[in-house]
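# Return atomic coordinates for the entry below.
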Amino acid sequence: MNSIFQNIEQIKAYIESDGKIKFKIKVSANAKNNSIEFCDDFIKVRIKERAIEGRANKAIIEFFSEIFKYPKSKISILNGDKSSIKTIQIIS
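Sure thing, here's the model as predicted:
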């Protein structure tokens with residue numbers, strides 16, 4: 001997937017215009033800090049939480065909730081629950 005997004009503001013604008021968005025992320029769990037980096041083919045997300053018993057997935061949803069200022073109930077992981085490559089959906 002070639003990412004058309006270069007920053008968070010572009011994603012927010014897309015959600016506001018279309019009502020929802022899906023995008024792929026590549027996750028690194030057990031990081032020093034939560035962070036996000038836009039790459040050519042995906043969005044790289046580093047999460048402090050370890051990938052044990054779904055903790056990293058919950059942390060990903062919480063992280064995106066903070067970034068986008070959307071309720072956690074509007075953010076979901078569509079696929080990749082047990083993979084480092086995940087598809088995220090955000091609904092306005």
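# who are the neighbours of the lengthiest strand in the chain, in terms of helices and strands?
For the chain, the longest strand by residue count, based on DSSP state E, is strand 20-28. Counting contacts by 3 or more C-beta pairs under 8 Å, 6 or more residues apart in numbering; DSSP states H and E, strand 20-28 packs against helix 8-18, strand 43-46, helix 55-68, strand 85-91. Every C-beta, even on glycine, is put in place using the N, C-alpha and C of the backbone.
# Output the last one as CSV, nothing but the C-alphas.
The C-alpha trace of strand 85-91 is given here as CSV (Å, rounded to 0.1, in the frame of the first residue of the first chain):
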residue,chain,number,x,y,z
ILE,A,85,0.9,-5.4,10.3
LYS,A,86,-2.6,-4.2,11.1
THR,A,87,-5.5,-2.4,9.4
ILE,A,88,-7.0,0.4,11.4
GLN,A,89,-10.4,1.9,10.8
ILE,A,90,-11.5,5.2,12.2
ILE,A,91,-15.1,6.4,11.9
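# List the contacts of that strand.
11, 15, 19-27, 42, 57, 60, 64, 68, 70, 74-80 (C-beta atoms under 8 Å, 6 or more residues apart in numbering).
# And Arg55, how far from Glu62?
Noted for Arg55: a distance of 10 Å to Glu62, by C-beta to C-beta, to the nearest Å.
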